[in-house]
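Undergrad: 3D, please:
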Amino acid sequence: MAISILLSIAATLWLYSIYTSLGFLVCHALKLSFKSSLLSILISFTIGFGLVGNIVMLLAFLQWSTPRILIALLIVLTIISISQVKESFFHTIKLTRAFLTHLKNSSKWIALPMIIVIGGYGARGLLPPTGFDGIMYHLSTAKLYLEHGGFFDIYFNGQSDFPMLTEIHFMLGLALGNDIICKSLSFMLGVFSLGAIAHLYNQLSTGKGTLLCCLIFCTTTPIIANMSNCDVDIPQALWTILSLCVLDCYFNNKRTSLLVVSGFFAGMALQTKIFGVFVIPLLIIRVVLEDNKSINLLAKTKVLLFLMPVPLLMGLPWYIKSYIYNGTVLSITKYSSNPGMPTPMGIECINQFSYWIYNSLVRMISAPWTFSLFPSQHRGNTLGPLLLAVLPFLFFLKKPPKIIIFLVLMSVYLLQVLVMEMLFIQVGSSIRYSLVLLFWGIPLVVWTIEHLNQHKKTQRMLYVFVFISVFLGTILFIKRYHKEWIAHITFQSRDSYYHAILPEYPVIAKINQLDDDKVVIPIYNYSDYLLSKPYITAHRRYASRKDILEDFKSKNIRYIFANNKLDIKDNRGVFPEIPEKQCLFTKNEYYLYLIPDSLFFEVCQ
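TA: A predicted model of the protein is given here:
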């Protein structure tokens, strides 16, 4: 695996060079320049990332996204952007030196954990993908599209119905023959998120809290779970934030090209995840909040009319794709009319509407509390207690306009998440959908503590609280990924690493050894990406034994990849029992079954 790691580092640096150099080329064409090297790199990288992603998307629509074509595209883009490599290198070195200087001048209580977590995330980015969503959705769809040479109807994987700008870039890593590149790209996007956090803090303060902001961000549970993990939530949050940052730049110098860039970044958010649409209200609110002395009402209207079509048009191809394949972009589940529906705290409701109103109000009021402390949300992540503990002290401080803007944008985004949860999901949304809140909230936390100078005891208490939070987050990070550290230290092979991390991998390895042309159906298993044999993931309910056998026969399915939940009584309404199936292999309560050909004679009778 050492050679794969070295090659992934080289390939990731190549992609980084293409993205940033291409971005600088566009910035020069638009006559855009930025005083800060940090902002220059952030904007140039994002422009390049978005352009390359949309080019590959077009190739996928044309059925031209084969490995050879994608590699040829990267070579052509390298030639086109080579004139800007020097400038990209200059800004990168300048930023690296600035980071090391900050690290050297910081307290050891900040510098040491920062080295640990950044080094740890980087190390995770140099291992094969194992994350749940990555190998079930993001990489599996990218792999299928690459093998097919473009988009097609992956009816058995719901993720294929969604926008997937990030997965398009994973296709580049897979085209280069190394999926570790996908993990390295995820780490790179995490590093750029730290750059965005630093930029937002610098908008608020000239203090020395930049590294502390980054450290807090790295040690929150949603980031620990998602950074360097082939997920799409961090990229969606990053593009949302950068779109608003570029809009701020427009208000400073009124260059129309900045509106195009801001809209382009917002479009990237829409292309990354369906919840990227939340950026649209944020842009509108940000324009409305701008001081009327800087820009009058008529000018604000013109800005919105110019800005809004860009992201909407960029998101449109993905939804056209969903329509073509008869997919559903959003699923709305109505409340049951069952009068026995449970109500909170035993309160009897007159009807379902009153319950919905009551439940909605309770969720809105309690959102800061539940999102911060209780792991009742999907997958048990929370934003952590710091926002809830520190931000109330803002009310006792004199707040500059930028603070007010941050707070309003946070409130609008949280409201959108709550509305989405109440109208569409209704069972508790994932904290991952709210990562944008951390980008504003963490700089506000550090700024608040820094400005409590007249309340030294309170300030010290809050610094201790931050230290405890960061310390526990660092310990959690180290413990959660201890098998990854062992893999690096012991120089494990790829196969040994997967055996250590994924309990289902022995069965996957057995499936990949099958040399016939039969199809396998994974049921209650989510490691589709690792299967090299043709598969169709279980995606529908079967009404009867005859129904399931007819479907299996029509699709040439002869193998079942299942765990110990397959034959439990509660699942027989979904997957009728087939007692005649033969167990070919089992390990760690995962099973490979063979469906005998003789059973399919029943279908013919």
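Undergrad: residue boundaries of the helices in the stretch 501-605 of the chain?
TA: 505-512, 545-554, 601-604 (DSSP state H, counting those that start in this stretch).
Undergrad: Send me the first one as CSV with only the CA atoms.
TA: This file holds the C-alpha atoms of helix 505-512, laid out as CSV (Å, rounded to 0.1, in the frame of the first residue of the first chain):
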residue,chain,number,x,y,z
TYR,A,505,-14.8,-7.6,4.1
PRO,A,506,-14.0,-11.4,4.2
VAL,A,507,-17.4,-12.1,2.5
ILE,A,508,-16.7,-9.3,0.0
ALA,A,509,-13.3,-10.9,-0.8
LYS,A,510,-15.1,-14.2,-1.4
ILE,A,511,-17.6,-12.6,-3.7
ASN,A,512,-14.9,-11.0,-5.7
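Undergrad: if we can go back for a sec, in CSV, list the helices of the stretch 501-605 of the chain along with mean pLDDT.
TA: Converted to CSV, the helices of the stretch 501-605 of the chain look like this (pLDDT from 0 to 100):
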stretch, mean pLDDT
helix 505-512, 96
helix 545-554, 90
helix 601-604, 63
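Undergrad: out of these, deepest packed?
TA: helix 505-512 (a mean of 19; mean count of other C-beta atoms under 10 Å). For every residue, glycine as well, the C-beta is placed using N, CA and C.
Undergrad: I'd like to know which elements that one is packed against.
TA: If you count contacts as 3 or more C-beta pairs under 8 Å, 6 or more residues apart in numbering; DSSP states H and E, helix 505-512 packs onto helix 494-501, strand 557-563, strand 582-587, strand 590-594.
Undergrad: now that helix against strand 557-563, angle please.
TA: 170 degrees (axes from the mean of the first three to the mean of the last three C-alpha atoms, to 10 degrees).
Undergrad: biggest helix in this protein by residues?
TA: Secondary structure of the chain per DSSP state H: the longest helix is helix 2-29.
Undergrad: any idea which helix or strand comes after it?
TA: helix 37-61 (DSSP states H and E).
Undergrad: count of residues packed around His499?
TA: 16 (other C-beta atoms under 10 Å).
Undergrad: still on that earlier bit, point out the one among the helices of the stretch 501-605 of the chain that comes closest to Tyr463.
TA: Among those, helix 505-512 comes nearest to Tyr463, with 44.4 Å by C-beta to C-beta.
Undergrad: so how far is the closest one from its chain's centroid?
TA: 28 Å (C-alpha atoms, centre = their mean, to the nearest Å).
Undergrad: contacting residues around that helix?
TA: 495, 498-499, 502, 520, 527, 530-533, 559, 561, 584-588, 590-592 (C-beta atoms under 8 Å, 6 or more residues apart in numbering).
Undergrad: hmm, back to that, looking at the helices and strands packed on helix 505-512, which is buried most?
TA: strand 557-563 (a mean of 22).
Undergrad: Quick one: list the elements packing against that strand.
TA: Against strand 557-563 (3+ C-beta pairs under 8 Å, 6+ apart) you get helix 505-512, strand 519-523, strand 590-594.
Undergrad: Present these as JSON lines; the columns should include distance to Ala269.
TA: Converted to JSON lines, the helices and strands packed on strand 557-563 look like this (distance: least, C-beta to C-beta, whole Å):
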{"stretch": "helix 505-512", "distance to Ala269": "34"}
{"stretch": "strand 519-523", "distance to Ala269": "31"}
{"stretch": "strand 590-594", "distance to Ala269": "37"}
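Undergrad: nearest to Leu174, of those?
TA: It's helix 505-512; of those, that one is closest to Leu174 (C-beta to C-beta) at 16.7 Å.
Undergrad: tell me the angle that closest one makes with strand 519-523.
TA: Using the same axes, to 10 degrees: helix 505-512 against strand 519-523 is 160 degrees.
Undergrad: And whichever strand or helix holds Ser243, how far out from the chain middle?
TA: Here Ser243, judged by DSSP H and E, is contained in helix 233-253. Relative to its parent chain, helix 233-253 has a centroid offset of 17 Å by C-alpha atoms, centre = their mean.
Undergrad: now stretch 548-564
TA: 32 Å.
Undergrad: Determine how far the last residue of it lies from the first.
TA: 19 Å (C-alpha to C-alpha, to the nearest Å).
Undergrad: got a list of contacts for it?
TA: By C-beta under 8 Å, 6+ apart, stretch 548-564 touches 504, 507-508, 511, 514, 516-525, 531, 535-536, 540, 542, 566, 575-576, 578, 581, 584, 589-595, 597, 599-600, 602-603.
Undergrad: which among the residues you listed end up buried?
TA: Among the contacts of stretch 548-564, those buried by neighbour count (16 or more other C-beta atoms under 10 Å) are 504, 507-508, 511, 514, 520-523, 525, 531, 535-536, 542, 566, 575-576, 578, 581, 590-595, 599.
Undergrad: Rounded mean pLDDT for the longest helix of the chain, please.
TA: Averaging pLDDT along helix 2-29 yields 96.
Undergrad: cool, stretch 523-537 as well?
TA: Averaged over stretch 523-537, pLDDT sits at 90.
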